[in-house]
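Undergrad: generate coordinates for the sequence data below:
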Amino acid sequence: MKKFFLVWALVTILLSVIVNAVYDVPADKRIIWSAGLDSEGGIPNYPSVTCAGAVGDGVQEAGAAIQACINSAAAQTAVYLPAGTYKASTTISMKSNVVLRGAGPGNTLIKLYNGAYISFSGGGSSGSNIDIVSGYGKDSTVLTLASTTGLAANDYVSIFQDDDPSIVDASKCSWCGEDNGLGHNLQQYSKITAVNGNQITISPGLYYGMSPAFNPQVKEVGFSLSKAGLEDLKIELTTNTGYMVRSRSSRNCWIKNIESYNGGASSGNAHVRLEFSYGWEVRDSYFHDGHGYGSGQNYGFWLLYWNSNHKVENNIFYSVRHGVNFEGGGSGCAILYNFFDGGKESEDLTFLSADLNPNHGPHPHMNLYEGNVAAKITQDYTMGSSSHNVAFRNWARGYRSNPSFSWGVWAIDTQKYNRYMSFVGNVVGMPNWSSGTVIANGNADPSGKTAFRFGGTGEPGSYGDALAFSTAILHANYDYITDGVANWDGGSDHVLKSSMYYASKPAFFGNVPWPAIGPDVTGYANKIPAQIRYEQINSGGVSCIDTDQDRYGIGCAAGNDCNDNNANIRPGATEVCGNGIDEDCSGADLACSGVVPGDLNSDNRIDIADLVIIATNFGKTGGFDSRADVVKDGMIDISDLVYVAIRFS
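TA: Presented below is the predicted three-dimensional model:
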């Protein structure tokens, strides 16, 4: 009994040390993200009702019939289009609490003609500006107003202040933000949950602490369209220019499992364009190709003007000008686990274009970019500033598969007036990067491979802002130039969270290892589900399913794998005796002979020294002492600690 209590006392002490060592972005540079439909309980599953009047022969006009089905649909139902090709020459306008659903992107196709598109426009009303008297600090959920007349629970408000020139620069864009030149570019939307006298309670709370010097205010807004969705179909733009999906003044709508083909070639065209909207979720979809790649053309997901709380997850963006683009605002959004490739700009196809663009116009802030695989992440100065965005566990490759490129190979580019950014746990560059520049701060246009570029004014451009670098956090980013981590700005806490959004592995990862990217992950940059789907699409099918990328798997030339979720378990792997794991896929664990299980340092006893080996590697999923991975699951966690602790002598 004394031994039991001694062991667990040691385990408790070691765990307390481990927990205290987990790094987090400082509280003034982050929020607790809950975006899209997460605060609403997730995307609802409405029952399908077949649209009987729409003919899917690709010849007869179907737009009016589809619209009639939507107009007559009962609340919380889905208008179902069976397999077929549906010609739509008039815009299809969505309705609250109704979904337009197909039989799958490979079966149901809507072809858009003559400027037709899918519209989620609600046409929201707008109240007058009301001064915030107090309660305008970061994370505040109670605001005291000069008046609450006309406000009620379940209303939505826009919260903003005049532009603070120390952080906001909108000198190059008069229409950004509120689209009226009034300088309200740092903004968020929130829901009123209660009204008590001159106080309102809001959710979410304030992302950014405002100042009385800049006149913080609220304004009631109306989102007259809500809870509408587009699911399980393909849309194609047949004409050279036009929208595909456009929202204005809607909230908590969604796109799920669609394919969008051939974005428009006119300025302002995008596969998905959201304006003055809140809480959208765009997921599990494929956006690709376009009629043009000039300025403002053929964006993938485009936020324009005020926007808040959108979630963009598990999508493929291929051969678009910019995959995700924030222009004129955007706050509290989460861009998660998307795969980008083939982005290009027709002005110069040799330039490595940014396919993930957290800022293209003022003032996006407090947005999270996690787990994405992109050629390039650029916060530019084309139209102004952004701040307080977080990039966590992304792979910025500095590479695209096509077209070929020769300059602008700056994997993460943070230009002038983009300040107080946090770059944590990212992997930067490609494994074949044997030389280059890790940080270019002062050299506006580095000529070679560059992991981080700071302070430039354009592409190309001059050096214009020392604060872009000096206010940034660079912590635990692995780069292939040094084959290591060059900066630990966050201090001695080197253990990273698995996610800044999720408490546990998201369901859509299935058997794919998670987290997939980071300095603590075996292999550093592994495939995410969206990348695996992209490769399957482009190969015309699945020839080899090798989830853990150890060359063994279903249909693989090397042979089958007995555990395709762990690259350390495969035919021919080193077998560890007595740990209950069949590492070499022989069919059984190797029995120990003359070896003490749990004796990590080979001193023929199991004591505190063995536990210390576990503790110093705890939480790592790569780059750890191999002795610490006792159970051979590719990570050092509680199972390894317990394995040794129960054998403590």
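Undergrad: and Trp514, how far from Ser171?
TA: Applying Cβ to Cβ, to the nearest Å, the value for Trp514 to Ser171 is 42 Å. C-betas here are computed from N, CA, C, even on glycine.
Undergrad: the two - which one has more neighbours?
TA: Counting neighbours by other Cβ atoms under 10 Å for Trp514 and for Ser171 shows that Trp514 has the greater number, 24 against 13.
Undergrad: tally of neighbours for the residue nearest to the more buried one when sequence neighbours are not counted?
TA: Nearest non-adjacent residue to Trp514, counting by Cβ to Cβ, 6 or more residues apart in numbering: Lys505, 4.5 Å away. Number of residues near Lys505 (other Cβ under 10 Å) recorded here: 14.
Undergrad: how about Asn269?
TA: The burial count for Asn269: 27, using other Cβ under 10 Å.
Undergrad: just checking, it touches Gly242?
TA: Yes. Taking contact to mean Cβ atoms under 8 Å, the distance of 6.4 Å between Asn269 and Gly242 places them in contact.
Undergrad: what touches both of the two?
TA: Taking Cβ atoms under 8 Å, 6 or more residues apart in numbering as the criterion, Asn269 and Gly242 do not both touch any residue.
Undergrad: before we move on, back to that, quick check: the residue nearest to Trp514 touching Pro513?
TA: No. Counting by Cβ under 8 Å, no contact exists between Lys505 and Pro513, whose distance comes to 9.1 Å.
Undergrad: which residues in this protein form helices?
TA: Per DSSP state H, the chain has helices spanning 2-20, 63-72, 467-470, 529-539, 608-617, 638-645. These are given in chain order.
Undergrad: in the second one, what's buried?
TA: By that I understand helix 63-72. Gly63, Ala65, Ile66, Gln67, Cys69, Ile70 (16 or more other Cβ atoms under 10 Å).
Undergrad: which among these gets closest to Asp603?
TA: Top of the list for closeness to Asp603, among these and by Cβ to Cβ, is Ile70 at 73.0 Å.
Undergrad: residues in contact with that closest one?
TA: Taking Cβ under 8 Å, 6+ apart as the contact definition, Ile70 lies against Val79, Ile92, Ser93, Met94, Lys95, Val98, Leu100.
Undergrad: got a list of what the last one touches?
TA: If a contact means Cβ under 8 Å, 6+ apart, then Leu100 has Ile66, Ile70, Ala78, Val79, Leu81, Ile92, Met94, Ile118, Gly229, Leu230, Glu231, Leu233 as its contacts.
Undergrad: dump these into CSV; add distance to Ile537 as well.
TA: As requested, these are exported to CSV (distance: Cβ to Cβ, whole Å):
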residue, distance to Ile537
Ile66, 27
Ile70, 30
Ala78, 25
Val79, 27
Leu81, 22
Ile92, 26
Met94, 27
Ile118, 22
Gly229, 23
Leu230, 20
Glu231, 19
Leu233, 16
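Undergrad: in strands, which of these fall?
TA: Ala78, Val79, Ile92, Ile118, Gly229, Leu230, Glu231, Leu233 (DSSP state E).
Undergrad: which of those residues lies closest to Val630?
TA: Distance to Val630 across the ones in strands among the contacts of Leu100 (Cβ to Cβ) is lowest for Glu231, with 45.0 Å.
Undergrad: who's that closest one bridged to?
TA: On the basis of DSSP bridges, Glu231 takes part in beta bridges with Arg101, Lys256.
Undergrad: that one contacts Asn257, correct?
TA: Yes. If you go by Cβ under 8 Å, Glu231 and Asn257 touch, sitting 5.9 Å apart.
Undergrad: was I right about His365 contacting Asn389?
TA: Yes. At 6.7 Å, His365 counts as touching Asn389 under the criterion of Cβ under 8 Å.
Undergrad: how close does Cys577 get to Asp629?
TA: 14 Å.
Undergrad: so how far is stretch 390-408 off the chain centroid?
TA: If you compare the mean C-alpha spot of stretch 390-408 with that of the full chain, they lie 16 Å apart, counting by Cα atoms, centre = their mean, to the nearest Å.
Undergrad: equivalent analysis for stretch 259-274, please.
TA: Averaging C-alpha coordinates over stretch 259-274 and over its chain gives two centres that are 20 Å apart (Cα atoms, centre = their mean).
Undergrad: do you know the pLDDT at Gly102?
TA: pLDDT for Gly102: 97.
Undergrad: which of the contacts of Ile70 are buried?
TA: When the contacts of Ile70 are checked for burial by 16+ other Cβ under 10 Å, the buried set is Val79, Ile92, Met94, Lys95, Val98, Leu100.
Undergrad: quick one: which of these is nearest Gly464?
TA: Distances from Gly464 to the buried ones among the contacts of Ile70, taken as Cβ to Cβ, are shortest for Met94 (43.2 Å).
Undergrad: residues near the nearest residue in space to that closest one that is not next to it in sequence, how many?
TA: The spatial neighbour of Met94 that comes closest, neighbours along the chain excluded (Cβ to Cβ, 6+ apart), is Ala228 at 4.3 Å. The burial metric for Ala228, expressed as a neighbour count using other Cβ under 10 Å, is 24.
Undergrad: circling back to that earlier point, what two of the buried ones among the contacts of Ile70 are the furthest from one another?
TA: Pairwise distances across the buried ones among the contacts of Ile70 (Cβ to Cβ) peak at 11.4 Å, for the pair Ile92 and Val98.
Undergrad: nearest spatial neighbour of Leu496, skipping sequence neighbours?
TA: Leaving aside its sequence neighbours, Leu496 sits nearest to Gly425 (Cβ to Cβ, 6+ apart; 4.8 Å).
Undergrad: rewinding a little: tell me the one of the buried ones among the contacts of Ile70 nearest Gln217?
TA: Checking the buried ones among the contacts of Ile70 against Gln217 by Cβ to Cβ gives Met94 as the nearest, at 31.2 Å.
Undergrad: quick one, what contacts Gly623?
TA: So, once contact is read as Cβ under 8 Å, 6+ apart, Gly623 ends up touching Pro519, Asp520.
Undergrad: now it: how far from Phe276?
TA: From Gly623 over to Phe276 the distance is 45 Å, taken as Cβ to Cβ.
Undergrad: could you do Thr350 as well?
TA: Thr350 is 37 Å from Phe276, by Cβ to Cβ.
Undergrad: which residue of the two possesses the greater neighbour count?
TA: Remark: of Thr350 and Phe276, Phe276 carries more neighbours, 26 against 12, as counted by other Cβ under 10 Å.
Undergrad: so that one versus Trp306, what's the distance?
TA: Using Cβ to Cβ, which is the criterion applied here, Phe276 is 5 Å from Trp306.
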